[in-house]
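Colleague: What shape does this take:
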Amino acid sequence: MHDRSIRVLLIEDNLGDARLIQEALAEVRGAQFHLECADHLLTGLERLSEGGIDVILLDLSLPDSHGLNTFVRAHNRAPEVPIVVLTGIDDESLAMQAVHEGAQDYLVKGQVHSNLLARSLRYAIERQRIMAELR
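Modeller: Here you go, the predicted model:
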């Protein structure tokens, strides 16, 4: 995984947050991330249908979807692609529900630095790979 770019689909409607995430991933040494952005869930789901995405970084507050339903819709569209939730909703109960439904991680904006974000994305991909092998 370290010898190629990790293809991340960021589904995030806030351009400022998207820019910060892009900058954070660019700072990471030893890994290269290729970030694609969608500002609506529907746009992100359409991009997922094209394939070629290694991991999804998903906000739960989007113009066309909000809360856990956002995760469920993305997960149902591409259950083989790991999803890391990155949202401004700091709710432990919601985080546990998302993980119970299949999210690989639940991160809160403003509480994440570049290395933590990169590690979460890499671990999500690896866990998904291992689960596929076990099946």
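Colleague: and the gap between the most centrally placed residue in the chain and residue 25?
Modeller: For the chain, the residue nearest the mean C-alpha position is residue 57 (1.6 Å; C-alpha atoms, centre = their mean). In this structure, residue 57 and residue 25 are separated by 9 Å, where distance is defined by C-beta to C-beta, to the nearest Å. Backbone N, C-alpha and C define where each C-beta goes, glycine included.
Colleague: so what does the worst-scoring helix or strand of the chain on mean pLDDT touch, helix or strand wise?
Modeller: Taking mean pLDDT, DSSP states H and E as the measure, the helices and strands of the chain show their lowest mean at helix 114-134, namely a mean of 92. For helix 114-134, the packing partners by 3 or more C-beta pairs under 8 Å, 6 or more residues apart in numbering; DSSP states H and E come out as strand 5-11, helix 15-27, strand 55-58, strand 83-87, strand 105-108.
Colleague: related to what we said a few turns ago, tell me which residues form a beta bridge with the residue nearest to the centre of the chain?
Modeller: residue 10, residue 84 (DSSP bridges).
Colleague: thought it was touching residue 124?
Modeller: No: using C-beta atoms under 8 Å, residue 57 and residue 124 do not qualify as a contacting pair, with a distance of 9.3 Å.
Colleague: what is in contact with those two at once?
Modeller: Common contact partners of residue 57 and residue 124 (C-beta atoms under 8 Å, 6 or more residues apart in numbering): residue 84.
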